[in-house]
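Engineer: here is the input, now give the coordinates:
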Amino acid sequence: MDINFNKNEDHNKLLLSDLKNRFAQVKLGGGQKRIEKLHAEGKMTARERIDYLLDEKAKSIEIGAFVGDGMYKEHGGCPSGGVVVKIGFISGKQCIVVANDATVKAGAWFPITGKKNLRAQEIAMENRLPIIYLVDSAGVYLPMQDEIFPDKEHFGRIFRNNAIMSSMGITQIAAVMGSCVAGGAYLPIMSDEAMIVDKTGSIFLAGSYLVKAAIGETIDNETLGGATTHCEISGVTDYKAKDDKDALDRIKSIVGKIGDFDKAGYNRVKAEKPALEPKDIYGILPKSRADQYDMYEIIKRLVDNSEFDEYKGGYGKTLITAYARIDGWAVGIVANQRKIVKNAKGEMQFGGAIYSDSADKATRFIANCNQKKIPLVFVQDVTGFMVGSKSEHGGIIKDGAKMVNAMANSVVPKFTVIVGNSYGAGNYAMCGKAYDPRLIFAWPSAELAVMGGTQAAKVLAQIEASSLKAKGEVIDEVKEKELFDKIKARYDEQVSPYYAASRLWTDAIIDPLETRNWISMGIEAANHAPIEKQFNLGVIQV
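Structural biologist: Residues are numbered from 1 along each chain as shown. Modelled structure (predicted):
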């Protein structure tokens with residue numbers, strides 16, 4: 001091992017340690033005192049409920065753990081968006097589970113909470129996965145009601161999706177394990193089956209205080225909307241559970257009786273571990289996002305037996321296209337090569353940039369994967385499309401458009417792994433969030449932005465310096481550096497993978513060694529949803 005490998009390894013393991021420390025903090029939700037209060041009420045936390053519900057020792061992945069990170073500080077924060085979402089197995093069947101975290105503002109919905117819940121429903125609809133709601137929420141967070149209540153992608157969209165999923169035949173089961181008030185009361189009742197926990201669960205459009213204020217009636221919450229009321233009088237809920245575990249056991253029993261699903265038919269054989277050591281990734285991936293490295297070495301540590309069949313290996317070398325297997329699943333990989341390479345003319349091409357020939361190759365490869373019904377995996381470390389007169393005269397915009405067209409119209413499931421840079425139009429072409437990857441996740445080394453931090457800060461600093469000069473201010477080298485450093489610091493915060501994850505631009509930040517599990521779980525979920533339309537590129541300029 002060389003000295004650079006060791007430096008890279010140390011750096012990436014520090015990033016991983018930071019990830020683990022951040023996640024440990026996130027798992028506390030609203031804090032240890034609120035967890036203890038919940039336990040004193042005889043209730044489990046959201047994470048405890050999910051852990052009990054999911055099959056022991058079976059694989060699972062968490063969606064949006066860092067949602068809300070650094071947001072809403074003036075309101076006390078919103079760890080994980082106040083809701084925990086996991087894809088896992090219940091009684092042997094893959095499901096997605098959504099659990100309100102009552103330790104965070106009594107499970108109230110912030111704007112980002114709504115976005116995360118909608119993402120969970122989107123995953124369920126795209127993959128035809130059963131979805132389980134563990135409800136324990138005070139409803140909309142009123143100080144921010146204007147950002148969560150009336151728009152298309154706000155709170156009400158949840159119930160619209162309940163109705164759409166029901167029409168699609170997607171199983172929805174709800175357990176009311178705490179508060180369920182106002183508009184939120186519709187979610188469990190629009191599910192296929194609903195249960196409520198005695199004494200701790202309650203459902204009503206308006207609580208006792210509001211009822212008193214509105215119509216003058218004096219009534220307690222239990223009589224108004226408790227388990228006995230809704231299981232024996234109103235008929236709103238289907239089952240009464242004695243406690244949290246009883247409700248979760250009921251869900252396990254119901255899910256265990258669901259029939260088999262129609263499969264999409266993605267190819268899978270017995271899984272093989274990579275022949276090369278996956279932990280080497282920490283030493284291969286450079287500390288600096290500007291440094292070059294060989295993406296082939298990363299791919300070899302992600303795919304089964306470290307084997308792949310490369311497509312057009314001698315052409316368009318700044319993109320790697322290859323057929324491989326991950327955890328037994330057949331996949332088509334589109335990855336940015338980060339080494340400087342030579343094309344057939346002997347011209348040097350910068351690693352990380354997409355050139356006309358590499359875009360053309362990717363377009364054909366994506367079409368081939370669609371024809372063969374092979375899921376696509378995009379491995380992003382992209383600085384963007386190549387610029388300059390040579391590229392423009394060579395039609396880079398046209399070739400880039402063809403690649404984006406093929407990727408956007410792809411009908412096989414797409415999965416995106418951001419291992420390094422994810423800049424500008426390169427983010428789009430390599431299946432960024434705007435292009436509907438079934439799952440999109442990042443390594444701690446990832447950066448997402450319109451352009452790299454240094455370049456962007458230089459441009460912005462030049463603009464600001466020109467503006468100040470126009471106002472008559474004297475801008476010397478010291479002042480220019482101050483401007484640059486200030487802007488660079490702000491920009492660096494925004495390109496952080498945590499900034500992206502907090503806003504749900506990515507589904508997760510993961511240890512690189514978890515990549516195979518995420519892709520495998522994603523394809524297994526996608527296999528629930530047979531392809532219903534044919535691949536069609538539409539109109540493109542040849």
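
Engineer: hey, let's count contacts and neighbours off CA atoms from now on
Structural biologist: Fine.

Engineer: need the helix or strand of the chain with the lowest average pLDDT.
Structural biologist: In the chain, no helix or strand scores lower on mean pLDDT, DSSP states H and E than helix 453-470, which sits at a mean of 73.

Engineer: which residues does that one contact?
Structural biologist: Helix 453-470 is contacted by residues 474-475, 480, 483-484, 487-488, 491-492, 495 when judged by Cα atoms under 8 Å, 6 or more residues apart in numbering.

Engineer: alpha carbons only: can I get that helix in PDB?
Structural biologist: Extracted in PDB, the C-alpha atoms of helix 453-470 (Å, rounded to 0.1, in the frame of the first residue of the first chain):
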ATOM      1  CA  GLY A 453     -17.000  24.900  -4.400                       C
ATOM      2  CA  THR A 454     -13.800  26.600  -5.500                       C
ATOM      3  CA  GLN A 455     -15.000  27.500  -9.000                       C
ATOM      4  CA  ALA A 456     -18.300  28.700  -7.700                       C
ATOM      5  CA  ALA A 457     -16.800  30.800  -4.900                       C
ATOM      6  CA  LYS A 458     -14.400  32.400  -7.400                       C
ATOM      7  CA  VAL A 459     -17.200  33.400  -9.700                       C
ATOM      8  CA  LEU A 460     -19.400  34.700  -6.900                       C
ATOM      9  CA  ALA A 461     -16.500  36.600  -5.300                       C
ATOM     10  CA  GLN A 462     -15.700  38.200  -8.600                       C
ATOM     11  CA  ILE A 463     -19.300  39.300  -9.000                       C
ATOM     12  CA  GLU A 464     -19.500  40.700  -5.500                       C
ATOM     13  CA  ALA A 465     -16.100  42.500  -5.800                       C
ATOM     14  CA  SER A 466     -17.300  44.100  -9.100                       C
ATOM     15  CA  SER A 467     -20.400  45.300  -7.400                       C
ATOM     16  CA  LEU A 468     -18.500  46.800  -4.500                       C
ATOM     17  CA  LYS A 469     -16.000  48.500  -6.800                       C
ATOM     18  CA  ALA A 470     -19.000  50.000  -8.700                       C
END
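
Engineer: tell me the helix or strand right after that helix.
Structural biologist: Sequence order places helix 477-495 as the next helix or strand after helix 453-470, per DSSP states H and E.

Engineer: buried residues, that next one. List them.
Structural biologist: 480, 483-485, 487-488, 491-492, 494-495 (16 or more other Cα atoms under 10 Å).

Engineer: can you give the distance from the least confident helix or strand of the chain to the centre of its chain?
Structural biologist: Centroid separation for helix 453-470 versus its chain: 33 Å, with Cα atoms, centre = their mean, to the nearest Å.

Engineer: picking up where we left off before, as TSV, the buried residues of helix 477-495 with distance to Thr218 and pLDDT would be great.
Structural biologist: Output for the buried residues of helix 477-495, formatted as TSV (distance: Cα to Cα, whole Å; pLDDT from 0 to 100):
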residue	distance to Thr218	pLDDT
Glu480	68	76
Leu483	63	77
Phe484	64	78
Asp485	62	79
Ile487	58	76
Lys488	59	77
Tyr491	55	75
Asp492	56	78
Gln494	51	86
Val495	54	88
